[in-house]
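# Sequence and computational prediction follow.
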Amino acid sequence: MIEVTKLNGTKVLVNPDLIELVEETPDTVIIFTTGRKIIIKESRQEVKNLVILYRKDIFAV
């Protein structure tokens, strides 16, 4: 799971395997394969970096 911050300051854990799309409009919106959307404070690039770190951590054996 990756941790992101909603606009109201609430931190949430997100399953990166369910992320379908991340767009900046100018707020960053994560759209999941389930159709759910959340608006977060982190940039698109920060989300990308979090997912890369998550994958490295999962597959490092």
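It's in. Numbering: from 1, shown residues only.
# Got the phi and psi for residue 16?
When read as degrees, to the nearest 10, the backbone of residue 16 gives phi -70, psi -20.
# quick one: it and residue 53 touch, right?
No. Using CB atoms under 8 Å, residue 16 is not in contact with residue 53; the gap is 9.9 Å. Placement of C-beta: from N, CA and C, glycine included.
# and for those two, which residues touch both?
residue 2 (CB atoms under 8 Å, 6 or more residues apart in numbering).
# How many residues are close by residue 19?
15 (other CB atoms under 10 Å).
# one step back: for residue 16 and residue 53, indicate the residue with more neighbours.
The neighbour count for residue 16 versus residue 53, taken as other CB under 10 Å, is higher for residue 16 (16 against 12).
# which SS class is the closest residue to the more buried one other than its chain neighbours?
Leaving aside its sequence neighbours, residue 16 sits nearest to residue 51 (CB to CB, 6 or more residues apart in numbering; 4.6 Å). Following DSSP: H, G, I helix; E, B strand; the rest coil, residue 51 is assigned to helix.
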